[in-house]
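S.K.: Predicted model and sequence below, questions to follow.
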Amino acid sequence: MSIPLIFDSDMIGDDILALIAAAGLPVELRAVTAYGRRVSATERACLAVKLLHRLGLAHVPAAAGASRPLLRAPRIGCTACDEPIFQFLSRGRTDDGPDDRYSASVDSRPAAQLIIDLARDAPHEITVLCTGPLTNLATAVVLEPRLAEWIKEVVIMGGVAWVPGRSTPVSESNIYNDPEAAAIVFDRFPRITMVGLDVTMQTLIGPSALHELLDHTPDLQALATGIVSSCITKQAEQNLHRMPLHDPLALIAVCEPSLLRTIPCQVQVETGGQYTLGQTVCRPLTASEQNEHGRKVVLVATEVDSERAIAMFQESIRKALEASASTPNHVEGAGKR
């Protein structure tokens, strides 16, 4: 049975690999909602629209959300994957202006409203996967507090529990980018799984991981392998010559939770620390605490079957691209929804 899923993302790097993989996994994409890091959320939503068309998923709505954190100045984030993304967006273009074929297909509703509408129409059915800053989901639950109960589960690629951070010694990028939004999400939603650096840094692929899977889709091959290559080049600055599957692992865990070992925790986000901003402070809960009325329990991933996760990722990419190669949406172009 397919899992109804809203994919909330900043569409920068391995988020794109996760979206491709989603087309080869037992998920039913209900929407893609975009956060704008470095460029506007509308531009990120246009990228999502083009990719959805390319994957034969033109019926899935994509909406633009926030383009900056709730309270803070935006942070640039990693720029390593900008070039392959630009090349993918430029393919088939004859000028440098906005690509109206795809911008016209962006859903007219703000991302937060689209999330609310979909959850209201299907309460207790939809999982929200967040692979970017949590601004869109935080905005949605502030606008409609009942959303916290309507959503079946929130799965977050973000945070770090008991290993070093990467944005700072104690923080991960998505949480660090908008800690106030993260604090709202962890405080409001009762069913959260946190797929953080504790497990994503255990799930690593090399430069040839996707090559043999992409022979019949040259544009997607250039995009996917360009992202992997760019990320590995960036990781080499820290003496890591492989790419962590941050966002794809969170997606795969939605479909196969048994890949992860989790610990029930209370999670609080540091929003005021001079040196600890964005830290996800995880305290394991006792059995009695977990059963307390009103207690919000976050399942924090601490271990992963990385070999099986990588195999599932590769297989999902293969299935998605085989389907893409045979769909009418294989040709360039988009129509207005």
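M.R.: That came in fine, so what should we check first?

S.K.: which residues in the stretch 51-200 of the chain form helices?
M.R.: 82-90, 100-103, 111-121, 135-143, 147-150, 173-177, 179-188, 197-200 (DSSP state H, counting those that start in this stretch).

S.K.: can I get those helices in JSON lines with mean pLDDT and mean neighbour count?
M.R.: For every residue, glycine as well, the C-beta is placed using N, CA and C. Converted to JSON lines, the helices of the stretch 51-200 of the chain look like this (pLDDT from 0 to 100; neighbours: other C-beta atoms under 10 Å):
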{"stretch": "helix 82-90", "mean pLDDT": "81", "mean neighbour count": "16"}
{"stretch": "helix 100-103", "mean pLDDT": "77", "mean neighbour count": "17"}
{"stretch": "helix 111-121", "mean pLDDT": "98", "mean neighbour count": "21"}
{"stretch": "helix 135-143", "mean pLDDT": "98", "mean neighbour count": "25"}
{"stretch": "helix 147-150", "mean pLDDT": "98", "mean neighbour count": "18"}
{"stretch": "helix 173-177", "mean pLDDT": "97", "mean neighbour count": "27"}
{"stretch": "helix 179-188", "mean pLDDT": "98", "mean neighbour count": "23"}
{"stretch": "helix 197-200", "mean pLDDT": "98", "mean neighbour count": "26"}
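
S.K.: can I get the ones you listed in JSON lines with distance to Ser288?
M.R.: Formatted as JSON lines, the helices of the stretch 51-200 of the chain follow (distance: least, C-beta to C-beta, whole Å):
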{"stretch": "helix 82-90", "distance to Ser288": "48"}
{"stretch": "helix 100-103", "distance to Ser288": "52"}
{"stretch": "helix 111-121", "distance to Ser288": "31"}
{"stretch": "helix 135-143", "distance to Ser288": "28"}
{"stretch": "helix 147-150", "distance to Ser288": "24"}
{"stretch": "helix 173-177", "distance to Ser288": "28"}
{"stretch": "helix 179-188", "distance to Ser288": "21"}
{"stretch": "helix 197-200", "distance to Ser288": "25"}
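
S.K.: So for Pro26, which of the ones you listed sits nearest?
M.R.: Closest to Pro26 of those, according to C-beta to C-beta: helix 111-121, at 18.8 Å.

S.K.: And for the closest one, what's in contact with it?
M.R.: The contact list for helix 111-121 (C-beta atoms under 8 Å, 6 or more residues apart in numbering) reads 6, 8, 30-31, 33-35, 41, 61, 63-66, 107, 109, 126, 128, 136-137, 139-140, 143-144, 146-147, 150-151.
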